[in-house]
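Q: Task: produce atomic coordinates for the following.
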Amino acid sequence: MAHCAPALACTHATAWATTPAPWGTTALALTSVNVHLELHGRQVQLTLRDRDEDRLLARLEAVLQRFPVAPVVTSTSTPTGEPWCAKHQVPMHETIGKTGARWFSHRTSDGWCKGK
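A: Residues are numbered from 1 along each chain as shown. Below you'll find the predicted structure:
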């Protein structure tokens with residue numbers, strides 16, 4: 001609990017206590033769901049709670065419609081024909097080894113990826 005100067009009116013506890021939950025102030029949520037969203041370029045986790053599962057699912061649908069997911073690119077090449085890593089969503093570059101062997105890869109923080 002936050003500490004307030006005695007001369008000032010503390011609103012920390014009263015603001016929280018006077019904000020009613022959708023299911024009432026004395027009952028506990030029987031159902032909950034977590035969803036990860038991107039909000040203003042940041043990944044956030046939103047938790048919804050309710051006593052009624054159908055109402056919770058309706059609220060979840062509204063949230064998911066408000067924050068649509070960008071389509072995932074599953075193509076194996078870019079519009080210019082350059083190979084594309086579907087796992088990391090980046091272009092891959094051709095490498096020709098000493099023996100003439102050819103492969104496509106790209107560098108990651110963990111090393112080299114061949115798109116598999």
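
Q: what comes up buried for stretch 42-49?
A: Neighbour-count burial for stretch 42-49, counted by 16 or more other C-beta atoms under 10 Å, picks out Leu48. For every residue, glycine as well, the C-beta is placed using N, CA and C.

Q: What helices and strands are in contact with the longest helix that the chain contains?
A: The residue-count maximum for a helix in the chain (DSSP state H) belongs to helix 53-66. Here helix 53-66 touches strand 31-39, strand 42-50, going by 3 or more C-beta pairs under 8 Å, 6 or more residues apart in numbering; DSSP states H and E.

Q: so which of those gets nearest Ala101?
A: Judged by C-beta to C-beta, the one of those that comes nearest to Ala101 is strand 42-50, at 39.2 Å.

Q: Tell me the neighbouring strands of that closest one, and mark each as parallel or antiparallel.
A: Counting by DSSP bridges, the strands paired with strand 42-50 are strand 31-39 (antiparallel).

Q: between the strand it pairs with and helix 53-66, how many degrees?
A: In terms of direction (axes from the mean of the first three to the mean of the last three C-alpha atoms, to 10 degrees), strand 31-39 departs from helix 53-66 by 10 degrees.

Q: outside of strand 31-39, which residues touch it?
A: 43-53, 56, 60, 63-64, 67 (C-beta atoms under 8 Å, 6 or more residues apart in numbering).

Q: Could you export the helices and strands packed on helix 53-66 as CSV, including mean pLDDT and distance to Met92?
A: Listed next are those as CSV, based on pLDDT from 0 to 100; distance: least, C-beta to C-beta, whole Å:
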stretch, mean pLDDT, distance to Met92
strand 31-39, 91, 25
strand 42-50, 92, 26
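
Q: got these as a markdown table, with distance to Arg102 columns?
A: A markdown table is the format used below for these (distance: least, C-beta to C-beta, whole Å):
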| stretch | distance to Arg102 |
| --- | --- |
| strand 31-39 | 37 |
| strand 42-50 | 37 |
